[in-house]
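1. Sequence below, structure please.
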Amino acid sequence: MHAVNPADHVPDRPLLDEIECYYDAVPRSAARAEDFGPLTLFVRDGAGWPYYARPTLGHTGPAATAEDVRRVLERQRELGVPEAFEWVSEQNPELRAAVEAAGLTVHEHPLLVLGPQDEAAPAPELPERVEVRVLAPDVPELAAAVAVPHLAFGDPGTAIGRIGTDELTEAAAQSTADGTVEQIARRITAGATVLAAALEDGTALCAGQHNPVGPVTEVAGVGTLPSARRRGLGLAVTAALVAHARANGVRTVFLSAADEDVARIYRRAGFRTFATALIAEPAS
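-> Sure, this is the predicted structure:
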């Protein structure tokens, strides 16, 4: 997996600081923060993607130790939430040793940015009968658009898969029943989330979102129904999210890619790699 090589890369410290402030701010609209000294645990209120623990913003004391990590893990187990830590390698390089000493496995993911001086690539040409739209909170396509990334991430990779519209119908019903669709609709109404989808004959085949905080936003959760892959839909949705963000005053758009194959797709949209996101979790 590709990571930024410190031997040939000088970190962009102002950009890293800007992203770090974003990472601390964005969960607070949907989660409570629990203080563990050098670490902060975000616990989601209500339905939706669970959050994680990460380095405490502005912490000036000793770096996190394996014992600090174990305290957070114990609390995560007590709450019944995933045992997960997320951080930027270039911002907190010392944390990796602590989480590995606590028994967690660390995964590397390219972190890419489209800054104010970076030119976004033109939106790709769409397949016939496909349109990409930013969705309002009350449209009938919202449930499937919320559900499709979950199916995509459950069958990772870029190869065409077998999961299709039948599974999407079931997943959309489940996302409605468990309150996830309602929660996303509230965030859209509040301006905390923008959700775009690639629709074919009214069916959401790909969707993703960006979550603006001031002049910064993260494109997240872009996923294509496995049976609809290799049609350029993820790139089209990403382009729509970038265009929306820039049209609404966002200066810095960033994202993390699952792996280098996915990062190459985002580079076609104009993004460039600037750091490495790290995710730690128990070994599977």
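2. C-alpha from now on. contacts and neighbour counts both.
-> Fine.
3. which stretches of the stretch 1-150 of the chain have low pLDDT?
-> 1-9 (pLDDT under 70).
4. can you do 50?
-> Counting by pLDDT under 50, the low-confidence segments of the stretch 1-150 of the chain come to 1-3, 6-7.
5. Tell me which stretches of it form strands.
-> Counting by DSSP state E, counting those that start in this stretch, the stretch 1-150 of the chain has strands at residues 31-36, 39-44, 53-55, 85-88, 104-114, 130-134.
6. need those strands in TSV with mean neighbour count and distance to Ala185, can you?
-> Shown next, in TSV, are the strands of the stretch 1-150 of the chain (neighbours: other Cα atoms under 10 Å; distance: least, Cα to Cα, whole Å):
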stretch	mean neighbour count	distance to Ala185
strand 31-36	15	17
strand 39-44	21	16
strand 53-55	24	26
strand 85-88	22	26
strand 104-114	21	27
strand 130-134	18	13
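7. Compare these and report which one is nearest to Pro124.
-> For those, proximity to Pro124 was assessed by Cα to Cα; strand 130-134 is nearest, at 10.8 Å.
8. For that closest one, which helices and strands make contact with it?
-> Judged by 3 or more Cα pairs under 8 Å, 6 or more residues apart in numbering; DSSP states H and E, the packing partners of strand 130-134 are strand 194-200, helix 233-247.
9. Could I get the buried residue list for the first one?
-> Neighbour-count burial for strand 194-200 flags Val194, Leu195, Ala196, Ala197, Ala198, Leu199 (criterion: 16 or more other Cα atoms under 10 Å).
10. The longest one too?
-> Residues 233-242, 244-246 are the ones in helix 233-247 that count as buried (16+ other Cα under 10 Å).
11. Spit out the contact partners of Tyr23.
-> By Cα atoms under 8 Å, 6 or more residues apart in numbering, no residues touch Tyr23.
12. Likewise for Asp12?
-> By Cα under 8 Å, 6+ apart, the neighbours of Asp12 are Phe274.
13. Leaving out sequence neighbours, find the closest residue to Ser227.
-> Of all residues not flanking Ser227 in the chain, Gly161 sits nearest, at 4.8 Å (Cα to Cα, 6 or more residues apart in numbering).
14. Please look at that neighbour and Pro226 and confirm they touch.
-> Yes: taking contacts as Cα atoms under 8 Å, Gly161 lies within contact range of Pro226: 4.5 Å.
15. Show me which of the two is the more surrounded one.
-> Pro226 (26 against 15; other Cα atoms under 10 Å).
16. Mutual contacts of Gly161 and Pro226, please.
-> Asp155.
17. Help me confirm that Ile163 is found in a helix?
-> No: per DSSP: H, G, I helix; E, B strand; the rest coil, Ile163 lies outside any helix segment and is coil.
18. how about the helices in the protein?
-> 13-25, 66-79, 95-101, 142-154, 165-177, 180-190, 233-247, 260-267 (DSSP state H).
19. closest to Gly46 out of those?
-> helix 180-190 (7.9 Å).
20. if I look at Cys21, how far off is Trp87?
-> As defined by Cα to Cα, to the nearest Å, Cys21 lies at a distance of 12 Å from Trp87.
21. what sits against the closest residue to Pro62 other than its chain neighbours?
-> Counting by Cα to Cα, 6+ apart, Pro38 is the residue found nearest to Pro62 once chain neighbours are left out, at 7.4 Å. Neighbouring residues of Pro38 by Cα under 8 Å, 6+ apart: Pro55, Thr56, His59, Gly61, Pro62, Ala63, Ala64, Asp68.
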